[in-house]
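Undergrad: When you get a sec, could you give me coordinates for this:
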Amino acid sequence: MVQPPFLNGIRAFEAAARAGSFTDAARELHVTAAAVSRLVKLLEARMGVALFTRHANRLTLTEAGRQYRDGLVPLLDALARLTAQVAERGGRSVLTVGVGPTFAIRWLIPRLSDWQRRHPGIEVRITTGGAAVPFAEGWTCGIRLGTGDWPGLVATSLFAADLLPVCRPAIAARLQAPADLARECLLRVAHAPDDWPRWLDAAGVPGIRAEGPVFDVYGQTLQAAADGLGVAMGIRPYVDDDLAAARLVAPFAMTVPKGRGWWLVHREARSAEPALGAFRDWLLEQAGNA
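TA: Have a look, this model is predicted:
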């Protein structure tokens, strides 16, 4: 009897091969880096071949690892399609969308009632684990911040990501010019250390340094700003609804491009799926209205 595949090890290997590190793979899979490393080692032991060359801060695939990764991609795509086909026998199509937690809460979820009204036969499932890479966990597609250059993925541009400071109205009243930010608490996002320097340099005050509290994601930083802790560097479209509702205000009119944008990404093999096509068209319409 053929031994069944070591699915947990395969899952760990695929995520690590894509991310280039056990740490980033662990963040996506919601486990520890040590657990991912252990699963990959067990997979390598079962196969009798090394899949990675381990370096101090990164992983590189061996020739066997590249061969295994390249062979897994179509198999994972086929598994995702099979899962979708069987799920549709229940009378509903299922669309699994991978997004970051802040994008989901601040932009996508508030608009899903419109999607549900227009497409009651297509169920949208939101997953926010890790970066939005659409073939993890059988995802149909993802919405990702970047340049649009992801080998092996089809990327459709949705909208640009522009930066602008935001805060409560009481704090904004003290800010007459960008130089006034030197007296304020400037809130930071751990994975976006360049946001404040980029905006401050464009505003002509590069000498100001953001040294306020650091938060893991944009959503936490924006909530802290709404609670009056300080000034956050907002990113569109995260702040658009807050600005419209006056929960936050922009003390300065100037916005600065982040240098990246928001993209819908998916595997080429899924391009012809009707549910994905409908979702793509709806997203583009919503993005045009944003």
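
Undergrad: From now on I want contacts and neighbour counts done on CA atoms only, so please keep to that.
TA: Noted.

Undergrad: low-scoring stretches of the stretch 101-250 of the chain, by residue?
TA: 129-138 (pLDDT under 70).

Undergrad: all helices of it, in order?
TA: 101-103, 112-118, 169-172, 195-202, 218-226, 240-244 (DSSP state H, counting those that start in this stretch).

Undergrad: show me the contacts for the nearest residue to F159 once chain neighbours are set aside.
TA: Of all residues not flanking F159 in the chain, W262 sits nearest, at 5.5 Å (CA to CA, 6 or more residues apart in numbering). With contacts defined as CA atoms under 8 Å, 6 or more residues apart in numbering, W262 is in contact with I143, R144, L145, G146, S157, L158, F159, A160, A161.

Undergrad: so what's the closest residue to C185 other than its chain neighbours up against?
TA: Once flanking residues are discounted, C185 sits nearest to G230: 4.8 Å by CA to CA, 6+ apart. In this structure, G230 makes contact with C167, I171, E184, C185, L186, L187, A224, judged by CA under 8 Å, 6+ apart.

Undergrad: Distance check, the second one against L243.
TA: To L243, I171 is 15 Å away according to CA to CA, to the nearest Å.

Undergrad: repeat for the last one
TA: From A224 across to L243, the span is 15 Å (CA to CA).

Undergrad: How about the fourth one?
TA: When CA to CA is applied, the distance between C185 and L243 equals 20 Å.

Undergrad: which of those two has more neighbours?
TA: Per other CA atoms under 10 Å, whichever of C185 and L243 has more neighbours is C185, with 17 against 14.

Undergrad: give the contact list for that one.
TA: A210, E211, G212, L229, G230, V231.

Undergrad: what does T221 give?
TA: So T221 contacts L187, R188, V189, V214, F215, A232 (CA under 8 Å, 6+ apart).

Undergrad: does T96 have beta-bridge partners, and which?
TA: R125 (DSSP bridges).

Undergrad: shouldn't it be in contact with I122?
TA: No - using CA atoms under 8 Å, T96 is not in contact with I122; the gap is 10.3 Å.

Undergrad: how much space between R260 and F159?
TA: Taking CA to CA, one finds R260 at 9 Å from F159.

Undergrad: same thing with G212?
TA: G212 is 29 Å from F159, by CA to CA.

Undergrad: Report all helices and strands that the biggest strand by length in the chain contacts.
TA: Ranked by residue count under DSSP state E, the longest strand found in the chain is strand 153-166. Judged by 3 or more CA pairs under 8 Å, 6 or more residues apart in numbering; DSSP states H and E, the packing partners of strand 153-166 are helix 195-202, strand 231-235, strand 256-267, helix 274-289.

Undergrad: Next, the angle from the shortest one to strand 256-267.
TA: Compare the direction of strand 231-235 with that of strand 256-267 by axes from the mean of the first three to the mean of the last three CA atoms, to 10 degrees and you get 50 degrees.

Undergrad: for stretch 246-259, how far is the first residue from the last?
TA: 27 Å.

Undergrad: Could you pull out the buried residues of it?
TA: Neighbour-count burial for stretch 246-259 flags R247, L248, V249, A250, P251, T255, V256, P257, K258 (criterion: 16 or more other CA atoms under 10 Å).

Undergrad: go on, stretch 51-59?
TA: For stretch 51-59, by 16+ other CA under 10 Å, it's L51, F52, L59.

Undergrad: ok, the first one - contacts?
TA: If I follow you right, that is L51. E44, L61, T62, E63, A64, G65, R66.

Undergrad: Secondary structure and pLDDT added to the residues you listed, as TSV?
TA: What follows is the contacts of L51, written out as TSV (DSSP: H, G, I helix; E, B strand; the rest coil; pLDDT from 0 to 100):
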residue	secondary structure	pLDDT
E44	helix	92
L61	strand	93
T62	coil	93
E63	helix	93
A64	helix	93
G65	helix	91
R66	helix	90
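
Undergrad: quick revisit: closest one of the buried residues of stretch 246-259 to G9?
TA: Set against G9, the nearest of the buried residues of stretch 246-259 by CA to CA is K258 (36.7 Å).

Undergrad: ok, back up a step: closest one of the contacts of G230 to R236?
TA: C167 (14.4 Å).

Undergrad: what's the neighbour count on the closest one?
TA: 29.

Undergrad: Same check on L145?
TA: Neighbours of L145 (other CA under 10 Å): 21.

Undergrad: mind checking how far it is from V94?
TA: 24 Å.
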